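A.B. asks: 3D model of this:
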Amino acid sequence: MIQVGQRQLGASGIMVPSLGIGIWSWGDRQYWDYGQNYTREDISQAYKVCLDAGLNFFDTAEIYGSGMSERLLGDCMRADGRPIVIASKFAPLLLRFSARSLLTALDHSLERLGVERIDLYQIHWPSWRIGIQPLMDTLAEAVRSGKVRAVGVSNYSAVQMRMAYERLKRYEIPLASNQVHYSLLNRKPESNGVLAACRELNVALIAYSPLEQGLLTGKYRVTLANEQPITGSRRFIPAFSTAQRQKMEPLMETLTQIARVHDKTCGQVALNWLLEKDEHIIPIPGARNMRQAQENTGALGWRITPEEQKRLDTASELWL
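C.D. replies: Okay, the predicted model is just below:
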C-alpha cells in the first residue's frame, strides 16, 4: 500500500491525509455534466479507490450540485462503512443578510450528509454584507453546539484570515484552515502573504484546483498531435485559450521531463510539488471516477528532489 503521510488541520487536533479529495464535481450537472460524462456508479468507484489508498478527507459544500455533492458523499459513506473526515462550507449568498443563517445552513448540510457533526466547517468566501466578526462568532457557536469539530475559511486574504483568527481566539477556538486556489499555474498564495500567514498562525492551507481542472495533467497541451478538445464550460475559461496554453509550454515540458525520471505523470508531479512546498499545504484534487482517483494516489509515496522543485519554481514564475 502507498505510504500516506498525515497533516494537521492547523491547531484543531484533527489529522488528515496529506492529500484530500475535492468533490465540487459530484452531482453537478451545470458545469461538470453529472449524469452524462459520469454517473453515481463512477463516483462510488472513485470513493472506494480513495479509501483503499488511505485518502479519507473529502471536501464538499452546500452549493456543490445544489446540495447533491453532500448527499452523494453521505450515501457513499453509509454504503462503505469506513470512517472519513468531512469538510463542508457555508455560502454567504446575497440573500443571506445575517450570520445566523449559517446555523440553518449547517443543519441542512448535516441532514444531506446524514451525520450529526461536520469535522471542518468553512466560510466559502468573504462577505462584505455579513462581516468577518459575526461569522466567526456564529462559527464558535456551532462548535460549542457540538455540530462542528473545527472551523476554517476559504478565499480569505492574509488580512482577512488574521481577523478571523483573532476573533476566534476570543472563544479559544483555533482557525484550522484557509482554502485557496493554489497550483503551479496560480502561485498567488506565495506572493500575497497567505502562505506566510498560514505558517505564522499554524493554519492549514487547503489548496483547491491544484491541477487547474486538468491543464496540469498535460492532456490539453497545444503540442499534442491528438490534442484534447476544449469542451463544455472550459471553453469560456481564459486559461484554456490557445494563447494561454502556449505560454504554459515551458512549464509543461519541465513537468514532462521530471515525470519521466520518476515514472510518474505530469499531474502527479504537479501535486507532489505542492506537497513538498510546505507541510501546511493539503492539496484537494478532484476525483469523479476511478481513473482520476487512481491518478491522484500516484502523487504519494515518493518525492521530487530539491533541484526538481527549483526547476518547477523557475518554470512557473509567470504565475507568482
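
A.B. asks: contacts for stretch 261-278?
C.D. replies: 18-19, 182-184, 195, 198-199, 205, 207, 210-211, 216-218, 252, 255-256, 258-259, 281, 283, 285, 295-296, 298-300, 302-304, 308-309, 312 (Cβ atoms under 8 Å, 6 or more residues apart in numbering). Every residue, glycine included, has its C-beta placed from N, CA and C.

A.B. asks: kindly recompute the last result at 7 Å.
C.D. replies: 18-19, 182-184, 195, 199, 207, 210-211, 216-218, 252, 255-256, 258-259, 281, 283, 285, 295, 298-299, 302-304, 309, 312 (Cβ atoms under 7 Å, 6 or more residues apart in numbering).

A.B. asks: narrow these to those that are buried.
C.D. replies: Neighbour counting over the contacts of stretch 261-278 (16 or more other Cβ atoms under 10 Å) leaves 18-19, 182-184, 195, 207, 210-211, 216-218, 252, 255, 258-259, 281, 283, 285, 295, 298-299, 304, 309, 312 as the buried ones.

A.B. asks: can you give me the helices in the protein?
C.D. replies: Along the chain, counting by DSSP state H, helices occupy 40-52, 68-80, 101-113, 132-144, 158-169, 188-191, 194-201, 242-247, 249-262, 266-277, 290-297, 306-315.

A.B. asks: then the second one to CSV, C-alphas only?
C.D. replies: These are the backbone C-alpha positions of helix 68-80, laid out as CSV (Å, rounded to 0.1, in the frame of the first residue of the first chain):
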residue,chain,number,x,y,z
MET,A,68,-26.1,16.9,-4.3
SER,A,69,-22.4,16.6,-3.6
GLU,A,70,-23.1,16.4,0.2
ARG,A,71,-25.9,13.8,-0.5
LEU,A,72,-23.7,11.6,-2.6
LEU,A,73,-20.9,11.8,-0.1
GLY,A,74,-23.3,10.7,2.7
ASP,A,75,-24.6,7.9,0.5
CYS,A,76,-21.0,6.6,-0.2
MET,A,77,-20.1,6.8,3.4
ARG,A,78,-23.0,4.8,4.6
ALA,A,79,-22.6,2.2,1.8
ASP,A,80,-18.9,1.7,2.5
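
A.B. asks: quick one: list the elements packing against that helix.
C.D. replies: Other helices and strands packing on helix 68-80, by 3 or more Cβ pairs under 7 Å, 6 or more residues apart in numbering; DSSP states H and E, are helix 40-52, helix 101-113.

A.B. asks: packed most tightly, which of those would that be?
C.D. replies: helix 40-52 (a mean of 20; mean count of other Cβ atoms under 10 Å).

A.B. asks: and that helix, what does it pack onto?
C.D. replies: helix 68-80, helix 290-297.

A.B. asks: contacts for the last one next, please.
C.D. replies: Applying Cβ under 7 Å, 6+ apart, the contact partners of helix 290-297 are 2, 19, 45-46, 49-50, 53, 55, 265, 267-268, 285-287.

A.B. asks: so it versus helix 40-52, what angle?
C.D. replies: 20 degrees (axes from the mean of the first three to the mean of the last three Cα atoms, to 10 degrees).

A.B. asks: what separates helix 290-297 from the chain centre, distance-wise?
C.D. replies: 15 Å (Cα atoms, centre = their mean, to the nearest Å).

A.B. asks: then it to CSV, C-alphas only?
C.D. replies: Provided in CSV are the C-alpha atoms of helix 290-297 (Å, rounded to 0.1, in the frame of the first residue of the first chain):
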residue,chain,number,x,y,z
MET,A,290,-11.9,5.5,-10.7
ARG,A,291,-9.2,6.7,-13.2
GLN,A,292,-8.9,10.1,-11.6
ALA,A,293,-8.8,8.7,-8.1
GLN,A,294,-6.0,6.3,-9.1
GLU,A,295,-4.1,9.1,-10.8
ASN,A,296,-4.3,11.2,-7.5
THR,A,297,-2.9,8.4,-5.4
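
A.B. asks: any low-confidence regions in the stretch 1-150 of the chain?
C.D. replies: Where the stretch 1-150 of the chain drops to pLDDT under 70, the residues are 1-3.

A.B. asks: can you rerun that using 80?
C.D. replies: Applying pLDDT under 80 to the stretch 1-150 of the chain flags residues 1-4.

A.B. asks: for the helices and strands packed on helix 40-52, give me JSON lines that also has distance to S88.
C.D. replies: What follows is those, written out as JSON lines (distance: least, Cβ to Cβ, whole Å):
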{"stretch": "helix 68-80", "distance to S88": "6"}
{"stretch": "helix 290-297", "distance to S88": "20"}
